[in-house]
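Asks: For reference, the sequence and a predicted model appear below.
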Amino acid sequence: FLLGVAAYRVSSLMAWQPGPKILMTVFAVLVGSILEYNVLGLHHGSFDSFAYLLIFAALIPYVFTLTRSWKFDRFLADMSFPLYLAHWPVWIFIRDRFSPPWPEYPGIVPAVASVAAAALLVIFVERPFERWRQSRIAPS
């Protein structure tokens, strides 16, 4: 989380702004590296894992540069706090009401349900409230 905050701050200070092709390449490499992390055989605490995370963090400002105008990226950013608020109650609700028939992936249903709950909070609570709040201060 803190690396993401630092990367966002650094992205505003970057003097060199690469073109869209380079940014899309960096984005594709980062997404691919996330998907292949376990395949690479990186283990928590190893030097290779540390080097991977350091390189990953160094490239994040370029992803911010690419995605800052994407509506989907903005929606994901808007979901971060509602997800933080919703994940624990959703997990407890699912844990207490349902026994998972999928023992190898016990967290998948709570994770998907938490993301869905956060999206619903953004769409039906946060955005309408924000529109109402902004309408009160808009010039007449």
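Replies: Looks like it came in fine.

Asks: what about the residue sitting nearest the centre point of the chain, helix or strand, and which?
Replies: With distances taken as Cα atoms, centre = their mean, L76 lies nearest the centre of the chain, 6.1 Å away. Take DSSP states H and E as the rule and L76 turns out to sit in helix 71-97.

Asks: Quick one: the helices in the chain, in order.
Replies: 2-13, 20-35, 47-67, 71-97, 108-121, 127-137 (DSSP state H).

Asks: Give me whichever of the ones you listed is most buried.
Replies: The highest mean neighbour count among the helices of the chain, using mean count of other Cβ atoms under 10 Å, belongs to helix 108-121: a mean of 17. Backbone N, C-alpha and C define where each C-beta goes, glycine included.

Asks: For P18, give me its contacts.
Replies: V26, Y62, T65 (Cβ atoms under 8 Å, 6 or more residues apart in numbering).

Asks: Roughly how far does it sit from I34?
Replies: 20 Å (Cβ to Cβ, to the nearest Å).

Asks: Also K71?
Replies: From K71 over to I34 (counting by Cβ to Cβ), the distance is 22 Å.

Asks: do the same with S80
Replies: 18 Å.

Asks: next one: P128
Replies: The separation that P128 has from I34, given Cβ to Cβ, amounts to 33 Å.

Asks: Pick the one among the contacts of P18 closest to Y105.
Replies: Closest approach to Y105 among those (Cβ to Cβ): V26, at 30.7 Å.

Asks: Quick one: residues contacting the closest one.
Replies: V26 neighbours (Cβ under 8 Å, 6+ apart): P18, L59, Y62, V63, L66.

Asks: shaky segments in this protein?
Replies: 1, 3-4, 7-8, 10-17, 35-49, 100-103, 138, 140 (pLDDT under 70).

Asks: I'd like the distance between F75 and V115.
Replies: Counting by Cβ to Cβ - F75 and V115 are separated by 11 Å.

Asks: Also V63?
Replies: 20 Å.

Asks: now K71
Replies: From K71 to V115 the distance is 17 Å (Cβ to Cβ).

Asks: cool, and R97?
Replies: 18 Å.

Asks: Would you mind listing the residues in contact with the spatially closest residue to M79 that is not a sequence neighbour?
Replies: Leaving aside its sequence neighbours, M79 sits nearest to A118 (Cβ to Cβ, 6 or more residues apart in numbering; 4.5 Å). With contacts defined as Cβ under 8 Å, 6+ apart, A118 is in contact with M79, P82, L83, L85, A86, H87.
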